[in-house]
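[1] I would like to see how this sequence folds:
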Amino acid sequence: MDGEAKTTTFPAPARSSDASGARPLHLFDAGADEADYFSDVAPQGITPPLKMVATIAMVSATTGNLIIDGAIEALTDGDSMDTDTSESLDTTNTSAATAVPGTAGNIKQISVTLTNNDSIAAGDYYRLRFRRVGSNGSDSAAGDMALIELELRDDGG
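    Numbers count the residues shown, from 1 in each chain. So this is what the prediction gives:
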């Protein structure tokens, strides 16, 4: 798991059991807005619209819904943003309420179309913020949500 967390509102790092291969996870609390950031360079040929696909599992919940969101910050060579003191995320893209799997530990993939993508282009340094929006009234699943993996998918042209 190569997500980066800020010093506040971050998920707890964890691992699944040794019996399951000790997969790296980040645990997002119910009722809280916790975020991970993923950084990369946009590949050649990238064509919006983009989609964020989160592979998740619930630690204990077997009922309820989740709300997640994603936001992109894209920086082009020569941009004048001071990366030491500020961030410039585009408007958040939010999922619909998505039912959790009926069995704790089973995976589910949740997709969010990143309509607001900060005009990301090939060669841009970008950060993708992934967040469980536990404060949203439609996020009704109790307990921790485990983020197993996050994919930025190019669904464009």
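
[2] hey, what's Leu25 bridged with?
    In this entry, Leu25 is beta-bridged to Ala14, by DSSP bridges.

[3] per-residue confidence for it?
    For Leu25, the pLDDT comes out at 89.

[4] That one: how many residues sit nearby?
    Leu25 sits with 22 neighbouring residues when counted by other C-beta atoms under 10 Å. All C-beta atoms are positioned from the backbone trio N, CA, C, and that covers glycine.

[5] wouldn't it be in contact with Ile148 here?
    Yes: using C-beta atoms under 8 Å, Leu25 is in contact with Ile148, at 6.2 Å.

[6] Could you tell me which residues touch both of those two?
    Counting by C-beta atoms under 8 Å, 6 or more residues apart in numbering, no residue touches both Leu25 and Ile148.

[7] lowest confidence element among the helices and strands of the chain?
    When the helices and strands of the chain are scored by mean pLDDT, DSSP states H and E, strand 12-15 comes last with a mean of 73.

[8] neighbouring contacts of that one?
    Here strand 12-15 makes contact (C-beta under 8 Å, 6+ apart) with Met1, Ala22, Arg23, Pro24, Leu25, His26, Leu27, Asp29, Asp144, Ala146.

[9] Okay, the residue in the chain sticking out farthest from the centre and Gln44: tell me how far apart.
    Relative to the C-alpha centroid of the chain, counting by C-alpha atoms, centre = their mean, Gly78 is the outermost residue, at 27.2 Å. From Gly78 across to Gln44, the span is 19 Å (C-beta to C-beta, to the nearest Å).
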